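> Turn this into a structure:
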Amino acid sequence: MTEHTDHPTPPYPEQHQEPPGKTRAMQPVPDHGEQSYKGNGRLEGKVALITGADSGIGKAVAIAFAREGADILISYLSEDEDAADTVKWVEDAGRRAIAVPGDITLEEHCNDLVQRTVRELGGIDILVNNAAFQRTYSDIVEIPVDEWDRTFRTNIYAPFFLSKAAIPYMRPGSSIINTTSIQSRQPSPQLLAYASTKGAISNFTAGLAEMVAEKGIRVNAVAPGPIWTPLIPSTMPAEKAAKFGQQTLIGRAGQPAELAGAYVLLASELGSYMTGAVVPVTGGEIMI
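Sure, this is the predicted structure:
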C-alpha cells in the first residue's frame, strides 16, 4: 500500500523537454512510491515484465511489485539513467532486476524481452503492457502518417506482440495488465492518435480475457486519468503542462505512486475474480 503524502497541486512551473523526457528534469519530480510504498508479500516469488518501467507509472509499478516480492524485467526505450534508478529501487527491495533497452514497436525485440525474462528470471507470471507514445496536434492534417503508425505500434501492436510471446509460458494464475486511459472513453481531439489506441487497448483487453480464460490467465487494464510523468512536459505545450490535472475533482494530476495499488490488485490473488475489467484511477473524472 502507499501511505498518504501531500501531493503538489497546479499550477506547476512551465516546462518543456524533448521526448521521451527525463524524470529528474521535471518540476515537481514525480512520486513513484520510493519512500511511501509498503509491501505485504502479495507477489512473493513471481516474475514480472514491465514495459516503460524506467519512469512514470511503470517505475511506480516496478517498485511496488518488487516490494511485494517479485523479480522484474524493466523494458525501456533509451532512458538509461532513469532505468538504472528503477533497477536500484528493485534491488534495494531484495529482488532481481534486469534492464533491457530497445524498441517495442519491433516484434523481434518483444520476443527477446519475453525470452530474456524466462531465461534469466525463471519464468513469467505477470506482463504489464504500460509503455506509451503520444503527441498533440490541433488539426488532423498536421499528423504525419509515420507518427500515427508509431503511436499504434507502440501502444497496441507491442501489447499484442508481447502477449503473444508471453502466454505460452504463463501458468494458471498468471496475469496480463494493460495500461489504457480515460482517453479511451473521453478522447481529447488534440490526442487523436493516442486516444484511438487507448480505445483499442480496452477492447484488446476484453477480447484477450475471453480468449485465455480457459488457460487460467487473467487479463485486465488500468485506466489512468491525468498522471504526472515525463510524457507530459515532453509532449504538451509548457503552458498546458503547467495546468495539467486541474480539471479533476481532486484538482491536481495524479502521482505515479497512486496507480501502483491498482496494478498490485490485478497482479495478485486480491484480484483473483477479476478479468476483462478496466479499473479507472482518474482523480474523479467519470468513465461510464
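> residue contacts, Glu68?
When contacts are counted by C-beta atoms under 8 Å, 6 or more residues apart in numbering, Glu68 touches 39-44, 264, 268. (C-beta placed from N, C-alpha, C; glycine too.)
> nearest spatial neighbour of it, skipping sequence neighbours?
Taking C-beta to C-beta, 6 or more residues apart in numbering as the measure, Glu68 lies nearest to Leu43, with 3.9 Å between them; neighbours along the chain are not counted.
> Mark which of the contacts of Glu68 are part of helices, please.
With DSSP state H as the criterion, helices contain Val264 from among these.
> Save the contacts of Glu68 as JSON lines, and put in distance to Ser184 and neighbour count too.
Shown next, in JSON lines, are those (distance: C-beta to C-beta, whole Å; neighbours: other C-beta atoms under 10 Å):
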{"residue": "Gly39", "distance to Ser184": "30", "neighbour count": "19"}
{"residue": "Asn40", "distance to Ser184": "30", "neighbour count": "13"}
{"residue": "Gly41", "distance to Ser184": "33", "neighbour count": "10"}
{"residue": "Arg42", "distance to Ser184": "27", "neighbour count": "19"}
{"residue": "Leu43", "distance to Ser184": "27", "neighbour count": "26"}
{"residue": "Glu44", "distance to Ser184": "33", "neighbour count": "11"}
{"residue": "Val264", "distance to Ser184": "22", "neighbour count": "25"}
{"residue": "Ser268", "distance to Ser184": "24", "neighbour count": "22"}
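> what's the closest of the contacts of Glu68 to Ala93?
Nearest to Ala93 among the contacts of Glu68: Gly39, at 7.2 Å, using C-beta to C-beta.
> what's the neighbour count on the residue lying closest to Ile227 once chain neighbours are set aside?
Computed as C-beta to C-beta, 6+ apart, the closest residue to Ile227 that is not its neighbour in sequence is Gly254, at 4.6 Å. Residues lying near Gly254 (other C-beta atoms under 10 Å) number 23.
> quick one: Gly254 and Ala223 touch, right?
No. The pair Gly254 and Ala223 fails to qualify as a contact (C-beta atoms under 8 Å) at a distance of 11.7 Å.
> Give me the common contacts of the two.
Residues touching both Gly254 and Ala223 comprise Val281, with contact defined as C-beta under 8 Å, 6+ apart.
> circling back to that earlier point, which pair in the contacts of Glu68 spans the largest distance?
When the contacts of Glu68 are compared pair by pair using C-beta to C-beta, the farthest-apart members prove to be Glu44 and Val264, with a separation of 12.3 Å.
> could you pull out the strands for the stretch 51-200 of the chain?
Secondary structure of the stretch 51-200 of the chain (DSSP state E, counting those that start in this stretch): strands located at 71-76, 97-101, 126-129, 175-179.
> which other residues reach the last one?
Applying C-beta under 8 Å, 6+ apart, the external contacts of strand 175-179 come out as 57, 125-130, 132, 159, 163, 166-167, 170, 201, 204-205, 208, 212, 217-222, 224, 263, 266-267, 271.
> for the second one, same thing?
Strand 97-101 is contacted from outside by 54, 62, 66, 71-78, 80, 83-84, 86-87, 90-91, 112-113, 116-117, 120-121, using C-beta under 8 Å, 6+ apart.
> As a check, name the ranges of all helices in this protein.
All helices of the chain, identified by DSSP H, fall at 56-67, 80-92, 107-121, 145-152, 158-166, 192-212, 231-235, 238-242, 257-267.
> tell me the most buried of those helices?
helix 56-67 (a mean of 30; mean count of other C-beta atoms under 10 Å).
> Against the centre of the chain, work out the most remote residue.
Distance from the C-alpha centroid of the chain peaks at Val141, with 29.2 Å (C-alpha atoms, centre = their mean).
> So which residue is smack in the middle of this protein?
By C-alpha atoms, centre = their mean, the chain has its centre lying nearest to Asn130, at 2.9 Å.
> now Ile74, which residues is it bridged with?
According to DSSP bridges, the residues that bridge with Ile74 are Ile50, Ala99.
> Identify the residues contacting it.
50, 53-54, 58, 62, 83, 86-87, 90, 97-100.
> Now for those residues: which two are most distant?
Distances among those were taken as C-beta to C-beta; the most separated pair is Gly58 and Ile98, at 14.3 Å.
> Tell me how far stretch 276-288 lies from the chain's centre.
Between the centre of stretch 276-288 and the centre of its host chain there is 15 Å, according to C-alpha atoms, centre = their mean, to the nearest Å.
> Check what contacts that stretch and list those residues.
By C-beta under 8 Å, 6+ apart, the list of residues contacting stretch 276-288 from outside reads 180, 182, 184-186, 202, 205-206, 209-210, 219-226, 245, 247-250, 252-254, 258-259, 262, 265-266.
> Fine, thanks again, bye for now.
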